[in-house]
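In: Sharing a model that was predicted from the sequence below.
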Amino acid sequence: MSSQITSLIRDIPDFPKPGILFKDITPLLEDAEGFKATIDLFADRYRDENISKIVGIESRGFVFGAPLAYQLGCGLGLIRKKGKLPYETISHTYDLEYGTDTVEMHIDTVEPGERVIVIDDLLATGGTMGAAVKLLKDAGAEIVEASFVVELGFLNGRDQFDCPIYSILSY
C-alpha cells in the first residue's frame, strides 16, 4: 500500500525556493484509491488504541485528520495559526529560520487525560509539530503519536519534540 502512496507524491524541484525539493501531496489527494489507502493505513494503526480525539494542524492536517476521526468515531480538534480561531485560545510561539510563528487551539480542544493523535501531512524541521505537541501536553492530553504521511528524515524534525512518531513514508 505504501508503494501506491509513494507513487502519488510528486517531487517539485526548487519550490518554494532554489535548492528545495518539495513533496507535493495533491496527486495523492486527487486519487480516490490512494487517498483512501492513506486514511485506511492510519485508521488500521489506531483502531484499537482508544483514541478520543484526532488533532489536525492547519491546514493539511485537517485534510487527513477529519476522515481519520470519522473512521475512528472520535472527535476532531484543530490547531491553527494565530488569530484564526474565534474562541478563547492557548498558544505557543516557536522559532523559524527567519523569525517566529505562533499556533493556537481553543482552550477546550482537549480535556486532561484524553488520548490524542496529532496529525499533519509532512514532517520537515519539526517546529510546527513541536509547538502543537507542547500545546497539547500543556492542556493535559496524552499524545499517543504524532502522525505524518511524509517525513523528511534528513532534516531531523523528530528531534524537536518528545512523543512517539509514525510516518507512512520517509525520505
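Out: That came through fine.
In: Now residue 36. Its backbone dihedrals?
Out: Dihedral pair for residue 36: phi -60, psi -40, per degrees, to the nearest 10.
In: how much space between it and residue 45?
Out: Applying C-beta to C-beta, to the nearest Å, one obtains 15 Å for the distance of residue 36 from residue 45. Bear in mind the C-beta positions are built from the backbone N, C-alpha and C, glycine included.
In: again, but for residue 147
Out: Look at residue 147 and residue 45: by C-beta to C-beta, they are 8 Å apart.
In: Common neighbours of these two, please.
Out: Residues touching both residue 147 and residue 45 by C-beta atoms under 8 Å, 6 or more residues apart in numbering: residue 166.
In: if you count what's nearby, which of these two comes out ahead?
Out: Legend: neighbour count by other C-beta atoms under 10 Å for residue 147 and residue 45, higher for residue 147 (27 against 16).
In: Please name the residues that touch the most centrally placed residue in the chain.
Out: Nearest residue to the geometric centre of the chain (C-alpha atoms, centre = their mean): residue 120, 1.7 Å. For residue 120, the set of contacting residues under the criterion of C-beta under 8 Å, 6+ apart consists of 56-57, 60-61, 64, 128-129, 132, 146-148.
In: What residues of stretch 16-26 count as buried?
Out: Applying a neighbour-count criterion of 16 or more other C-beta atoms under 10 Å, one finds 23, 25 buried in stretch 16-26.
In: swap in stretch 58-69?
Out: When neighbours are counted by 16+ other C-beta under 10 Å, the buried residues of stretch 58-69 are found to be 58, 60-69.
In: again with stretch 73-80
Out: Judged by neighbour count (16+ other C-beta under 10 Å), stretch 73-80 contains these buried residues: 74, 76-80.
In: counting contacts, what elements does the helix or strand containing residue 40 pack onto?
Out: Secondary-structure element containing residue 40, defined by DSSP states H and E: helix 32-46. For helix 32-46, the elements it packs on are helix 2-6, helix 26-30, helix 60-72, strand 115-123, strand 142-151, strand 165-170, judged by 3 or more C-beta pairs under 8 Å, 6 or more residues apart in numbering; DSSP states H and E.
In: Which SSE is immediately downstream of that helix?
Out: In the C-terminal direction from helix 32-46 (assignment by DSSP H and E), the next one is strand 53-57.
In: got the contact list for that following strand?
Out: Contact with strand 53-57 is made by 61-66, 68-69, 72, 74-79, 103, 105, 109-110, 114-120, 128-129, 132, 136, 141, as judged by C-beta under 8 Å, 6+ apart.
In: Distance from the chain centre to it, please.
Out: Distance of strand 53-57 from its chain centroid, counting by C-alpha atoms, centre = their mean, to the nearest Å, is 7 Å.
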